[in-house]
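Q: Pasted the sequence and its predicted model underneath.
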Amino acid sequence: MVSCYFCLVKDAELKFNRPMLVGREREYVDEALQSTWMSGDGHFSRRVQDWMSEELGLQALPTTSCTDALEMTALLADVGADDEVVVPSFTFVSTALAFAMRGCRLVFADSDPGFPHIGWAQIEPCLTARTKVVVVVDYAGSGHDLDRIEQECAKRGLVFIEDAAQGIGARHGQENRRLGSFGDAATFSFHETKNLHCGEGGALILNRDEWKARASVLWEKGTNRKAFFQGLVDKYGWVDLGSSFLPNEMTMAFLLGQLQHMDGVNGKRLTLWNTYDAAFSQMQTTGRIQRQAHPPNGDHNGHMYYVLLPSLEDRSRVISALKKEGIHPAFHYQSLHRSRFIEERQPGTKPPCPESDRFSDTLLRLPLHLGMEASDCDRVAEAVDRAL
Ligand SMILES: Cc1ncc(COP(=O)(O)O)c(C=O)c1O
């Protein structure tokens, strides 16, 4: 009886995220558990790499997280204390952390006024003679201005990194390219909050030929172990920097089970996204909220649904009201240029990033996961309406 009551209470709760199994994860993990190779770069790791190249046309090295994949990009870009790196202020710490760890100076680009992404218009004023790398984020699973940024970076000899943590399966630009295929390298996250997941995981996508051999060394703790197993060298040893960036076979087995259902997962998320958007369209006309806007020239993968509220106070009030009804929304990134770390590390250089600050203070992400139905989106929209 007690457990029955608990179930009823639990069902009424609408969590922000609920990681789900969507395919053959259990079967594949079981296979990995029975194999004699459980460490990295095994059978399932290669199947994940093959899936990436067949389905996305991208050459990938799976990693233990997107954070790790970003650290690999900083190593590949060979940056140091003399270099500046342009990053969005409105992003997760990991986008900038990778470059902070190499001692670079971070220059924060403000968001576009229309959406949280940065475009060339925001990047260009941040460039100096010391700029070596530009990093962008495909926020909410959509890209912005990526063709232009790629061309401008190539023209100036700048390294261009696409943090596609949330972007799996979406497309952008004149040639309708997959997110993750722009720039010199890109990164994906397979953290449990992403469309496709393996608990914790990521991938590095390599678009620059001369980085490929080095990337496999960085991946394997700075050794040429991969070349050894491929029969290209007769012994292996320490040849470069690196870390243990490669994930184990159980993680890769789980991820393969998810990847095989990318279209179905993204399709269901898009259905929920569209339900939210229809429910909020009426409220937008009364000026109480602003609906999520995606940049032009691409689609999105339904990664998140958010609304912008009039103020930080309104957002705090709506969050408390929704929580009382068992609905768990979430705010998102806090401008990195305002972080304690940057104030201490780069004192006195806080640039104004008013748009990033506005998104930090007013953006409210609503529950969106595969355990939801369209009626749940309507319930959330009604609760927001009541709370405002
Ligand atoms: C834009 C962005 N980059 C990187 C990361 C880090 O991903 P991971 O948790 O896989 O390291 C996140 C996490 O959500 C993110 O939002």
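A: Received the coordinates, thanks. Numbers count the residues shown, from 1 in each chain.
Q: Can you get me a residue count around residue 175?
A: For residue 175, the neighbour count with other CB atoms under 10 Å is 8. C-betas here are computed from N, CA, C, even on glycine.
Q: And the pLDDT for the closest residue to it other than its chain neighbours?
A: Of all residues not flanking residue 175 in the chain, residue 147 sits nearest, at 8.0 Å (CB to CB, 6 or more residues apart in numbering). For residue 147, the model assigns a pLDDT of 98.
Q: Equivalent analysis for residue 3, please.
A: 34.
Q: can you list the residues of the stretch 101-250 of the chain near the ligand?
A: Within the stretch 101-250 of the chain, the positions near the ligand by CB under 6 Å from any ligand atom are 137, 163, 165-166, 189, 191, 202.
Q: Let's have those in CSV, adding pLDDT.
A: CSV is the format used below for these (pLDDT from 0 to 100):
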residue, pLDDT
137, 98
163, 98
165, 98
166, 98
189, 98
191, 98
202, 98
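Q: Would you format the residues you listed as TSV with neighbour count and secondary structure included?
A: As requested, these are exported to TSV (neighbours: other CB atoms under 10 Å; DSSP: H, G, I helix; E, B strand; the rest coil):
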residue	neighbour count	secondary structure
137	26	strand
163	30	strand
165	30	coil
166	25	coil
189	28	strand
191	19	coil
202	28	strand
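Q: picking that back up, need the contact list for the residue nearest to residue 175.
A: Counting by CB atoms under 8 Å, 6 or more residues apart in numbering, residue 147 touches 173-175, 182, 297.
Q: Show me the domain layout of this structure.
A: 25-259, 262-387 (automatic domain parsing).
Q: what's the distance between the shortest one and the middle of its chain?
A: Yep, that's domain 262-387 we're talking about. Distance of domain 262-387 from the chain centroid (CA atoms, centre = their mean, to the nearest Å) equals 15 Å.
Q: check whether that domain contacts the ligand.
A: No - against the ligand, domain 262-387 shows no contacts by CB under 6 Å from any ligand atom, the least distance being 7.5 Å.
Q: gap between the two ends of that domain?
A: Domain 262-387 has an end-to-end distance of 35 Å (criterion: CA to CA, to the nearest Å).
Q: do the same with stretch 338-347
A: 11 Å.
Q: quick one: low-confidence parts of the protein?
A: Low-confidence segments of the chain (pLDDT under 70): 1-11, 349-350.
Q: which parts of stretch 91-100 are buried?
A: By neighbour count, and taking 16 or more other CB atoms under 10 Å as the criterion, the buried residues in stretch 91-100 are 91-92, 94-100.
Q: Name the SS class of the residue nearest to residue 175, please.
A: Classification of residue 147 using DSSP: H, G, I helix; E, B strand; the rest coil returns helix.
Q: Cross the buried residues of stretch 91-100 against strands and list the overlap.
A: Members of the buried residues of stretch 91-100 lying in strands (criterion: DSSP state E): none.
Q: State the distance from residue 291 to residue 372.
A: Separation of residue 291 from residue 372 (CB to CB, to the nearest Å) stands at 19 Å.
Q: Quick one: the strands in the stretch 1-150 of the chain, in order.
A: With DSSP state E, counting those that start in this stretch as the criterion, the stretch 1-150 of the chain has strands at 60-63, 84-88, 105-109, 131-137.
Q: again but with the stretch 151-300 of the chain, I slipped
A: Assigned by DSSP E, counting those that start in this stretch, the stretch 151-300 of the chain shows strands spanning 159-163, 171-172, 177-178, 185-189, 202-206, 290-291.
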